[in-house]
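1. Sequence first, predicted coordinates after that:
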Amino acid sequence: MKGRLVTRTGVDIVHIRHFEAVLEENNAKYFSSVYTDYEMQCAAGHRCPAAFYATRFAAKEAVFKALSIEWEDSMEWSQIEIRSHACGSLEARFFGRIQEIARENGVRDISLSVSWDADYAVAFVLITALSLF
């Protein structure tokens, strides 16, 4: 049925130790290709920057899975930005090619949740989109 609303899900789990190692390397090129300036500023003030980066990466990966798209050379992880609201809810913002794909796929709403413990960070995403098929 053309023009009906569909839901798509994505989930990802990552090991926080990986992000601890990346922070120790202080690889600016990696951070700027994966995270937006806003996300890096938030991480700098977070009580556990590695967990912050891990939850944001897991959220980006879960969003990508929920969009059900293939990676293109014109895409960067930093084209997905995860923002926190004062009430604790999260928002995904898109830029560049990923924003175009979201529009082309009729994305209407994105709900996401992240969590972490000492070892792992996990993210779950639910996307509502207008089916174009």
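-> Nice, thanks for sending it over.
2. OK, contacts around A118?
-> I16 (CB atoms under 8 Å, 6 or more residues apart in numbering). Backbone N, C-alpha and C define where each C-beta goes, glycine included.
3. Likewise for V34?
-> Each residue near V34 by CB under 8 Å, 6+ apart is listed here: 57, 60, 76-78.
4. out of those residues, which are buried?
-> 57, 60, 77-78 (16 or more other CB atoms under 10 Å).
5. So which of those residues belong to helices?
-> When these are checked against helices (DSSP state H), the matches are 57, 60.
6. quick check, nearest of the buried ones among the contacts of V34 to Y35?
-> Distance to Y35, by CB to CB, is smallest for S78 among the buried ones among the contacts of V34, at 6.0 Å.
7. Could you give the number of residues near the closest residue to the closest one other than its chain neighbours?
-> Spatially, and ignoring its direct neighbours in sequence, S78 is nearest to T36 (5.3 Å; CB to CB, 6 or more residues apart in numbering). T36 is flanked by 20 other residues according to other CB atoms under 10 Å.
8. buried ones in the lowest-mean-pLDDT helix or strand in the chain?
-> Here the helix or strand of the chain ranked lowest by mean pLDDT, DSSP states H and E is helix 28-34, holding a mean of 90. Under the neighbour-count criterion of 16+ other CB under 10 Å, helix 28-34 has 31, 34 buried.
9. How far off centre is that helix?
-> A distance of 15 Å separates the centroid of the chain from that of helix 28-34, by CA atoms, centre = their mean, to the nearest Å.
10. do the same with stretch 115-131
-> The chain centroid and the centroid of stretch 115-131 are separated by 8 Å, computed with CA atoms, centre = their mean.
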